[in-house]
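**Student:** the following block contains a protein sequence and its predicted model.
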Amino acid sequence: MRHVRRLVFFLCVLTFVNGCKSGTAGKVISVSISPSGVNLVVGTTLQFTATVTDTFNQAVTWSVVGGSANGTISTAGLYTAPASVPSPSQVTIMAVSQKDPTKSGSASVTVTLTPVPSNITVVVSPAAPSVAAFGTQQFSAAVTGTTNTAVTWQVNGTTGGSQSLGFISTTGLYVAPGGVPTTPSGGGTTTTTFTVTAVSQVDNSSSGSATVTIVPANQNVQTGAIALGASGSNANDSIPSGNAIICCGGTLGSLVQRNGTQFILSNNHVLARSDAAAAGEAIVQPGLIEPTVRCNKNQATTVANLSQFVNLETESKTPSASNIDAAIAQVVSGKVDTTGNILYLGATADANGVPASGAPHAGSGVAPSVSMPVAKSGRSTGLTCSTILAVNTNVRVSYTKNCDGSGTSFTVTYDNQVDVSGGQFGAQGDSGSLIVTQATSDPVALLYGGSDTDTVGNPVGPVLNFFASGSNVTFVGGVAHPVIGCTLPTAPHSASQIAATTSLTEAAAQKAATARDAHAPELSSHPEVQAVGVGASYDNPSEPAILFFVTKGQARSGLPAEVDGVRTRIVEADLFSRRGVLSAADSAVNEQAGAAPQVVYPLSEAEMSRAKVVRAAHVAEWMQKQGVQGMGITSSVDSPGEAALMIFLIRGVAHQAVPPVIDGLRTRVRESSAFRGDYSRSGAPRTCQVPVTGRSRTGAVTAPASRARH
């Protein structure tokens with residue numbers, strides 16, 4: 001019966017996801033209001049919020065059903081109860097989508113003379129479950145103090161849940177996401193817990209919650225011949241620290257072969273202890289950091305022995321042609337699945353909707369490209385899916401030797417790397433994961449680091465070449481196949497594909513308007529331009545832009561990328577309601593007619609070639625500038641279809657202004673924490689048998705964690 005309910009819920013979710021392909025602008029819009037079902041004393045106020053899904057336009061029109069006798073509500077959603085109790089006492093608040101007026105949401109308010117005392121209690125069980133990724137958990141709510149035991153289920157405050165944290169039905173059946181939720185931490189991201197809450201429908205001030213931890217199924221402890229994408233470490237990757245032993249680990253990423261011999265492929269800082277290891281050292285599964293092992297290598301299984309690795313500190317001083325963070329370890333016979341299977345990477349799912357293990361496409365992998373959909377399976381976050389944001393990326397990555405972080409710190413500058421959108425694509429412990437294409441499971445990159453907004457990897461071509469030693473090295477795998485886990489209802493996508501922007505200040509709008517007005521006749525003369533306005537840039541959200549509202553599909557006639565130092569942005573639609581030279585307000589109206597800007601767009605070969613020339617001419621110069629930690633090739637969001645130079649900045653570090661254009665190529669700015677490639681760390685007391693705890697780099701006690709950024 002549990003599986004039947006779960007299947008029905010999956011079908012409901014799937015119907016909703018598929019439904020997004022129709023409706024307004026190709027999407028099904030829905031409106032929800034929070035809070036709902038509340039009691040409010042006469043004459044008092046209550047702030048309501050509306051959430052509009054599947055549209056860039058979040059604007060709604062508020063109203064109170066029945067008119068002012070039932071209270072009033074402002075355009076911002078602030079409701080004021082009437083001076084006396086209306087008849088009936090329960091009133092309805094409405095929010096109508098301004099994008100699609102046929103879509104609305106409602107909430108009920110019961111107006112009372114005095115506060116309504118409540119002795120309602122809600123207890124949710126189980127109280128603190130661990131749920132496997134893609135798995136299910138039935139929750140129940142015990143409600144006392146009222147005969148109405150109905151509750152509204154929420155995940156982190158969102159009724160019904162969300163794709164990133166999982167969905168929950170009206171009966172409390174929770175369906176976990178495919179990827180483990182993460183949160184920014186220590187300059188990167190770490191896995192995190194969240195809450196499932198049951199709110200009394202009689203009194204929404206009464207609720208109960210459970211703390212939920214998502215774990216990758218079988219990602220840690222395995223028996224028999226192990227699948228990859230799993231926890232692992234060097235057996236000697238631990239160090240005494242006071243009265244504790246600090247131990248580290250990461251992900252045993254994939255299987256490669258050379259002259260018929262199979263090797264596990266991962267990072268140097270996972271298998272070779274950041275240069276400290278020697279050939280022959282044991283590689284164990286699960287890693288020393290896992291609670292089942294507790295830094296005791298005798299509790300883990302030796303699955304391989306270290307064979308070869310790139311010396312990272314040498315790379316930091318004299319960058320060589322290797323340009324990678326990688327190591328291989330020869331497998332122990334019978335300890336590793338010889339087909340190269342990686343957890344969650346299969347083309348099929350089992351009866352419970354959990355993706356099967358699957359091998360990558362055998363061979364040498366493929367070259368990365370901007371906007372390529374990719375996936376990875378790692379020790380900490382399991383399966384995650386995203387898109388390549390930038391290629392040909394130079395990036396400066398920090399490392400620290402010794403598992404406890406006490407060793408030498410050094411920085412490696414890598415050339416021509418792969419940048420994947422979303423810090424949530426990986427977290428501490430995912431280092432060593434193989435990044436593959438979603439469509440065919442072809443290897444693309446070896447994950448080794450990142451920031452709180454991005455994940456970076458070595459392209460697989462240089463990785464295989466380094467270990468070739470005169471022989472051909474290839475990935476062990478099977479036929480090309482899609483990664484089905486990225487298409488399921490709870491697909492673990494790491495970030496929204498809609499580009500985020502900031503609101504435009506009055507001063508910024510005036511700057512853009514001044515530049516626009518100085519050239520208005522010229523800018524308006526282009527045949528495809530219906531209007532010229534002002535708004536925010538998406539390539540650099542801290543700056544304004546002159547907006548060209550152009551006819552969709554009409555040939556471009558040389559629209560400038562910048563005007564007097566102000567960026568320009570192109571908005572396409574068949575017809576815009578406002579024409580001519582527009583104010584910021586009228587520009588905002590016109591913007592709603594265009595498609596929502598995406599994080600990344602595909603690029604033509606011609607655009608890539610143009611960008612490579614500009615990058616090659618300026619990358620050395622920009623990598624020396626203060627606050628700059630990377631430069632690569634991406635797509636412009638301000639002008640879809642055009643390439644752009646992505647300038648990666650360290651958040652909070654002073655830097656010079658990034659020009660809108662370099663050698664005729666648009667620029668794009670991305671601020672984040674500093675890129676890191678080393679571990680977090682986990683420690684266990686040496687003499688006292690208590691549960692393992694971990695320590696972050698600040699020294700705060702945390703849950704067990706790896707010291708790999710990913």
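**Tutor:** Nice, thanks for sending it over.

**Student:** from here on, contacts and neighbour counts on C-alpha atoms
**Tutor:** Will do.

**Student:** let me see the contact set for Ala95.
**Tutor:** Residues near Ala95 by Cα atoms under 8 Å, 6 or more residues apart in numbering: Val31, Ile33, Ala50, Val60, Thr61, Trp62, Ser63, Ser104, Gly105, Ser106.

**Student:** partners of it in the sheet?
**Tutor:** Trp62, Gly105 (DSSP bridges).

**Student:** do you know the pLDDT at it?
**Tutor:** Looking at Ala95, its pLDDT reads 94.

**Student:** distance of it relative to Thr80?
**Tutor:** To Thr80, Ala95 is 15 Å away according to Cα to Cα, to the nearest Å.

**Student:** just the helices in the stretch 451-600 of the chain please.
**Tutor:** 460-468, 506-518, 520-524, 584-591 (DSSP state H, counting those that start in this stretch).

**Student:** what about the protein, any weak spots by pLDDT?
**Tutor:** For the chain, applying pLDDT under 70 flags the ranges 1-28, 117, 186-187, 218-220, 319-321, 494-495, 678-710.

**Student:** which elements pack onto the top strand by length along it?
**Tutor:** What stands out as the longest strand in the chain, according to DSSP state E, is strand 382-400. Using 3 or more Cα pairs under 8 Å, 6 or more residues apart in numbering; DSSP states H and E as the contact test, the elements touching strand 382-400 are strand 373-378, strand 409-421, helix 605-623, strand 628-635.

**Student:** picking up where we left off before, with mean neighbour count added, can I get the helices of the stretch 451-600 of the chain in TSV?
**Tutor:** Listed next are the helices of the stretch 451-600 of the chain as TSV, based on neighbours: other Cα atoms under 10 Å:
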stretch	mean neighbour count
helix 460-468	19
helix 506-518	18
helix 520-524	15
helix 584-591	18
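
**Student:** to Asn416, which of these lies closest?
**Tutor:** Of all the helices of the stretch 451-600 of the chain, helix 460-468 sits nearest to Asn416, with 10.1 Å by Cα to Cα.

**Student:** between that closest one and strand 409-421, how many degrees?
**Tutor:** For helix 460-468 against strand 409-421, the angle by axes from the mean of the first three to the mean of the last three Cα atoms, to 10 degrees is 130 degrees.

**Student:** packing partners of helix 460-468?
**Tutor:** Partner elements for helix 460-468 (3+ Cα pairs under 8 Å, 6+ apart): strand 443-450, strand 473-475.

**Student:** CA atoms only: put stretch 239-246 into PDB for me.
**Tutor:** Below are the C-alpha coordinates for stretch 239-246, written out as PDB (Å, rounded to 0.1, in the frame of the first residue of the first chain):
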ATOM      1  CA  ILE A 239      46.900  12.600  11.800                       C
ATOM      2  CA  PRO A 240      47.000  12.900  15.600                       C
ATOM      3  CA  SER A 241      45.600  16.300  16.800                       C
ATOM      4  CA  GLY A 242      45.600  16.800  20.500                       C
ATOM      5  CA  ASN A 243      43.400  14.100  22.000                       C
ATOM      6  CA  ALA A 244      41.900  13.300  18.700                       C
ATOM      7  CA  ILE A 245      42.700  11.600  15.400                       C
ATOM      8  CA  ILE A 246      41.800  13.700  12.400                       C
END
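
**Student:** chain center to it: distance?
**Tutor:** Averaging C-alpha positions (Cα atoms, centre = their mean, to the nearest Å) puts stretch 239-246 34 Å from its chain's average.

**Student:** same question for stretch 607-623.
**Tutor:** The mean C-alpha position of stretch 607-623 is separated from the chain mean by 27 Å, Cα atoms, centre = their mean.

**Student:** ok, and what's touching it?
**Tutor:** Under Cα under 8 Å, 6+ apart, the answer for stretch 607-623 is 392, 394, 628-633, 642-645, 662-663, 665.

**Student:** sorry, back to before: now tabulate the helices of the stretch 451-600 of the chain in TSV and tack on distance to Val332.
**Tutor:** Output for those, formatted as TSV (distance: least, Cα to Cα, whole Å):
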stretch	distance to Val332
helix 460-468	19
helix 506-518	62
helix 520-524	68
helix 584-591	60
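
**Student:** among those helices, which comes closest to Gly365?
**Tutor:** Once the helices of the stretch 451-600 of the chain are compared by Cα to Cα, helix 460-468 is nearest, at 6.6 Å.

**Student:** which residues are contacting the closest one?
**Tutor:** 258, 308, 322-324, 326, 364-367, 443-446, 473-474.

**Student:** if we can go back for a sec, nearest to Val653, out of the helices of the stretch 451-600 of the chain?
**Tutor:** Of all those, helix 506-518 comes closest under Cα to Cα, at 22.1 Å.

**Student:** so what's the gap between the closest one and the chain middle?
**Tutor:** 34 Å.

**Student:** domains for the protein, by residue range?
**Tutor:** Domain ranges of the chain: 2-112, 121-215, 506-591, per automatic domain parsing.

**Student:** just name the most buried of those domains.
**Tutor:** Most buried of the domains of the chain, by mean neighbour count (mean count of other Cα atoms under 10 Å): domain 121-215, with a mean of 21.

**Student:** so which of the domains of the chain is nearest Val336?
**Tutor:** Using Cα to Cα, the domains of the chain put domain 121-215 closest to Val336, at 22.0 Å.

**Student:** gap between that closest one and the chain center?
**Tutor:** 20 Å.

**Student:** do stretch 397-417 as well
**Tutor:** 24 Å.

**Student:** how near is Ala545 to Phe475?
**Tutor:** Distance from Ala545 to Phe475, by Cα to Cα: 46 Å.

**Student:** and Asn267, by the same measure?
**Tutor:** 15 Å.

**Student:** just send the helices and strands packed on strand 382-400 back as a markdown table, with distance to Glu506 and mean neighbour count too.
**Tutor:** Formatted as a markdown table, these follow (distance: least, Cα to Cα, whole Å; neighbours: other Cα atoms under 10 Å):
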| stretch | distance to Glu506 | mean neighbour count |
| --- | --- | --- |
| strand 373-378 | 38 | 29 |
| strand 409-421 | 31 | 23 |
| helix 605-623 | 31 | 15 |
| strand 628-635 | 28 | 27 |
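
**Student:** export the ones you listed as CSV, with columns for distance to Thr318.
**Tutor:** CSV is the format used below for the helices and strands packed on strand 382-400 (distance: least, Cα to Cα, whole Å):
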stretch, distance to Thr318
strand 373-378, 31
strand 409-421, 9
helix 605-623, 15
strand 628-635, 18
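
**Student:** these: which one's closest to Gln438?
**Tutor:** strand 373-378 (4.8 Å).

**Student:** mind listing what that closest one pairs with, with the direction of each?
**Tutor:** strand 382-400 (antiparallel), strand 434-437 (antiparallel).

**Student:** now it, how far from the centre of its chain.
**Tutor:** With Cα atoms, centre = their mean, you get 12 Å for strand 373-378.

**Student:** what angle separates that strand from strand 443-450?
**Tutor:** Using the same axes, to 10 degrees, strand 373-378 lies at 60 degrees relative to strand 443-450.

**Student:** who touches strand 373-378?
**Tutor:** By Cα under 8 Å, 6+ apart, strand 373-378 touches 219, 229-231, 251, 253, 342-345, 382-388, 425-426, 429-439, 483, 486.

**Student:** apply 6 Å and report the result again.
**Tutor:** Contacts to strand 373-378, defined as Cα atoms under 6 Å, 6 or more residues apart in numbering, come from residues 229, 251, 383-387, 430, 433-438.

**Student:** which pair in these has the greatest spatial separation?
**Tutor:** Taking Cα to Cα, no two of the contacts of strand 373-378 sit farther apart than Thr251 and Thr387, at 20.8 Å.

**Student:** neighbour count for these two, which is higher?
**Tutor:** Thr251 (37 against 26; other Cα atoms under 10 Å).

**Student:** the more buried one: helix or strand, and which one exactly?
**Tutor:** strand 250-252 (DSSP states H and E).
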